[in-house]
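Enquirer: what's the 3D shape of this:
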Amino acid sequence: MGGLWDVGLSETVELSEALPAAAQRAVQEELGQNAQLHLHECCRISTGWSGSTPHMQVCQADHNVLYRAMMSDEKVDFGERDAEVDTLEYWTIDEYQRRADEDLFHFAPWVHALILGCSDCFRLTPAMLDTVEL
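Expert: Numbering: from 1, shown residues only. Below you'll find the predicted structure:
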């Protein structure tokens, strides 16, 4: 979804690839080739969306497995990243909420569903969930 913000790292699983291997590959492709994080499965969420892109109408169903990991320093240079990553920024959930309030449609279609659907992964409190309007 070029030009739109995505959440965390995302990867399409290759044929016969194990889910944890795909998740670790995402870490290295999107954070940098030297990145090694201890990933823990957090939740599984299915999403669906449809809409127009500049070149075609799209209807998609996704089955997402969310992993989480802790990083000690967000400024670490993990080496060369995949060309599909234009920029890498680290946001708190409050920063995400502020940016979503500014322009809800500047995010890939699945982002809001994943954040709202897995409060354990994103550390949302009940009060925060009450303030999100989509």
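Enquirer: Tell me how far D86 lies from H112.
Expert: Here D86 is placed at a distance of 20 Å from H112 (Cβ to Cβ, to the nearest Å). Every residue, glycine included, has its C-beta placed from N, CA and C.
Enquirer: more neighbours, these two?
Expert: The neighbour count for D86 versus H112, taken as other Cβ atoms under 10 Å, is higher for H112 (17 against 8).
Enquirer: now the more buried one: how far from L19?
Expert: For H112, the distance to L19 - Cβ to Cβ - is 23 Å.
Enquirer: For H112, what is the enclosing helix or strand?
Expert: Taking DSSP states H and E as the criterion, H112 maps to helix 111-117.
Enquirer: Any buried residues in that helix, and which?
Expert: Across helix 111-117, burial judged by 16 or more other Cβ atoms under 10 Å covers 111-115, 117.
Enquirer: what's the next secondary structure element after that helix?
Expert: helix 119-122.
Enquirer: tell me what that next one is packed against?
Expert: Judged by 3 or more Cβ pairs under 8 Å, 6 or more residues apart in numbering; DSSP states H and E, the packing partners of helix 119-122 are strand 40-52, helix 111-117.
Enquirer: Now tabulate the ones you listed in CSV and tack on distance to A26 and mean pLDDT.
Expert: Putting the helices and strands packed on helix 119-122 into CSV (distance: least, Cβ to Cβ, whole Å; pLDDT from 0 to 100) gives the following:
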stretch, distance to A26, mean pLDDT
strand 40-52, 14, 85
helix 111-117, 14, 84
